[in-house]
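Q: Make a model of this:
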Amino acid sequence: MLRNLLALRQISQRTISTASRRQIANRVPEKQKLFQEDNGMPVHLKGGLADGLLYRTTMALTVFGKV
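A: Below you'll find the model as predicted:
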């Protein structure tokens, strides 16, 4: 039992330590340019379609909840 537990521990450590890591591109500067751009849009809608949809859903739930 102890031997199996030690073997499992060794395998799990080996798997975690040798896993390949993905390189993720840093997109923060792109997002900063997008949100700092002066185009007359409110900042909470500059994220695109998903932000607009989330905003409209929130407003609809607020209005219907108040009624």
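Q: how long is stretch 29-43 from one end to the other?
A: Terminal residues of stretch 29-43 lie 16 Å apart, using C-alpha to C-alpha, to the nearest Å.
Q: Could you give me the buried positions within it?
A: Judged by neighbour count (16 or more other C-beta atoms under 10 Å), stretch 29-43 contains no buried residues. The way it works is simple: take the backbone N, C-alpha and C, and place the C-beta from them, glycine included.
Q: Name the residues that touch it?
A: Lys46 (C-beta atoms under 8 Å, 6 or more residues apart in numbering).
Q: mind starting the numbering at 45 from now?
A: With 45 as the first residue, the last one maps to stretch 73-87.
Q: ranges for the strands of the protein?
A: Ranges of strands within the chain: none, based on DSSP state E.
Q: for it, which helix is longest?
A: With secondary structure taken from DSSP state H, the chain has its longest helix at helix 93-110.
Q: Which residues outside it are in contact with it?
A: Counting by C-beta under 8 Å, 6+ apart, 88-89 sit against helix 93-110.
Q: Tell me the buried residues in that helix?
A: In helix 93-110, counting by 16+ other C-beta under 10 Å, buried: nothing.
Q: CA atoms only for it, dumped as CSV, please.
A: Taking Å, rounded to 0.1, in the frame of the first residue of the first chain, the C-alpha atoms of helix 93-110 are listed here in CSV:
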residue,chain,number,x,y,z
LEU,A,93,-20.8,43.1,-29.0
ALA,A,94,-20.5,41.1,-25.8
ASP,A,95,-20.3,44.2,-23.7
GLY,A,96,-23.3,45.7,-25.4
LEU,A,97,-25.3,42.6,-24.9
LEU,A,98,-24.4,42.4,-21.2
TYR,A,99,-25.3,46.0,-20.7
ARG,A,100,-28.7,45.7,-22.4
THR,A,101,-29.5,42.5,-20.4
THR,A,102,-28.5,44.2,-17.1
MET,A,103,-30.7,47.2,-17.9
ALA,A,104,-33.7,45.0,-18.9
LEU,A,105,-33.4,43.0,-15.7
THR,A,106,-33.2,46.1,-13.7
VAL,A,107,-36.3,47.7,-15.3
PHE,A,108,-38.3,44.5,-15.1
GLY,A,109,-37.2,43.9,-11.5
LYS,A,110,-38.3,47.4,-10.5
